[in-house]
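K.L.:
Below is the sequence, then the predicted model.
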Amino acid sequence: MEITSTRTVQITSYLLLVLAVIQALYTALYVAEVNVPRHLLWGLEGLLFTVLVAFSGAAMVQAKNYHVGWSAIAFSAVLNLVQVSVGLTMFGPFREAADQVEALAPAAGAVVAFAFMIYYAAKLLLGFAALIFGMAKMNAGGKVFGGLTALVGVIAMFANAILIVFGRDAFLPSPVAGGSGVVATLLLAFCLMSIAREDKNTQT
């Protein structure tokens, strides 16, 4: 089955939108101190990230322009898949082991820190993609929306870069980096939808 480049961009944008909504939902439940179904939400994220790797990778190959932007999306999906997998398979066992053997507490903390390092790197890449496609939207005439997407992308890049360099205990709270990354992902999704719609109109 052959999937057109426009359809590939559309599906990629839908996947990014759903992922942004899931992450926002998870954050809202966590802040509200509601029992969060972590395994279900993280498992769903893992599935969507797996599919996103395929479609964003295909878009990168099919695209005539902005290959770096597509590369950023594809590799952010790979990193997010690894991060979610670590959370699903390693957080629980290491936490239980640390509860039984106090000496294992640093190892459990290292696993969490490793997952967050990957998380920040993935969010930085999504911010970079938002910057690239936001600028593309600006060049196409969408100054306000494109400018907003690019600006939020820069903020996400800067915030997550700080935590990559200085760690989770840096002067910038971790939720700022994660939240800006989610907003950048959301705007990126809408930006790609707009690009796909314009491409479709051009072809018809």
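P.N.:
Cool, the structure landed. It should be emphasised that the depicted structure is a prediction, and the values quoted were computed from it without experimental measurement.

K.L.:
quick one, phi/psi of Gly167?
P.N.:
phi 90, psi 170 (degrees, to the nearest 10).

K.L.:
Could you check which helix or strand contains the closest residue to it other than its chain neighbours?
P.N.:
Of all residues not flanking Gly167 in the chain, Ala113 sits nearest, at 7.5 Å (Cβ to Cβ, 6 or more residues apart in numbering). C-beta: built from backbone N, CA, C; applies to glycine. Secondary structure from DSSP states H and E places Ala113 in helix 105-139.

K.L.:
Now do whichever helix or strand comes after that helix against helix 105-139, angle only.
P.N.:
Later in the chain than helix 105-139, the nearest helix or strand by DSSP H and E is helix 143-166. Relative orientation of helix 143-166 and helix 105-139, computed by axes from the mean of the first three to the mean of the last three Cα atoms, to 10 degrees: 160 degrees.

K.L.:
now for helix 143-166, which elements pack on it?
P.N.:
Helix 143-166 makes packing contacts with helix 105-139, helix 174-203 when contacts are defined by 3 or more Cβ pairs under 8 Å, 6 or more residues apart in numbering; DSSP states H and E.

K.L.:
give the contact list for Val84.
P.N.:
Trp42, Glu45, Gly46, Phe49 (Cβ atoms under 8 Å, 6 or more residues apart in numbering).

K.L.:
Sort out which one of those residues lies nearest Phe91 for me.
P.N.:
Trp42 (9.5 Å; Cβ to Cβ).

K.L.:
In the protein, where is pLDDT below threshold?
P.N.:
In the predicted model of the chain, residues 1-2, 201-204 satisfy pLDDT under 70.

K.L.:
Are any of the contacts of Val84 buried, and if so which?
P.N.:
Taking 16 or more other Cβ atoms under 10 Å as the criterion, what is buried in the contacts of Val84 is Trp42, Glu45, Gly46, Phe49.

K.L.:
Help me confirm that the third one comes into contact with Ser85.
P.N.:
Yes. Using Cβ atoms under 8 Å, Gly46 and Ser85 qualify as a contacting pair, with a distance of 6.3 Å.

K.L.:
what sits in contact with each of those two?
P.N.:
Common neighbours of Gly46 and Ser85 (Cβ under 8 Å, 6+ apart) do not exist.

K.L.:
quick revisit: same for the helix holding Ala113, what does it pack against?
P.N.:
Helix 105-139 packs on helix 67-89, helix 91-100, helix 143-166, helix 174-203, going by 3+ Cβ pairs under 8 Å, 6+ apart.

K.L.:
now those in JSON lines, with distance to Tyr30?
P.N.:
JSON lines is the format used below for these (distance: least, Cβ to Cβ, whole Å):
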{"stretch": "helix 67-89", "distance to Tyr30": "13"}
{"stretch": "helix 91-100", "distance to Tyr30": "14"}
{"stretch": "helix 143-166", "distance to Tyr30": "18"}
{"stretch": "helix 174-203", "distance to Tyr30": "10"}
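
K.L.:
and of the ones you listed, who's closest to Phe55?
P.N.:
That would be helix 67-89 among the helices and strands packed on helix 105-139, by Cβ to Cβ, at 8.8 Å.

K.L.:
thinking again about what came up before, just flag the most distant two among the buried ones among the contacts of Val84.
P.N.:
Trp42 and Phe49 (10.2 Å).
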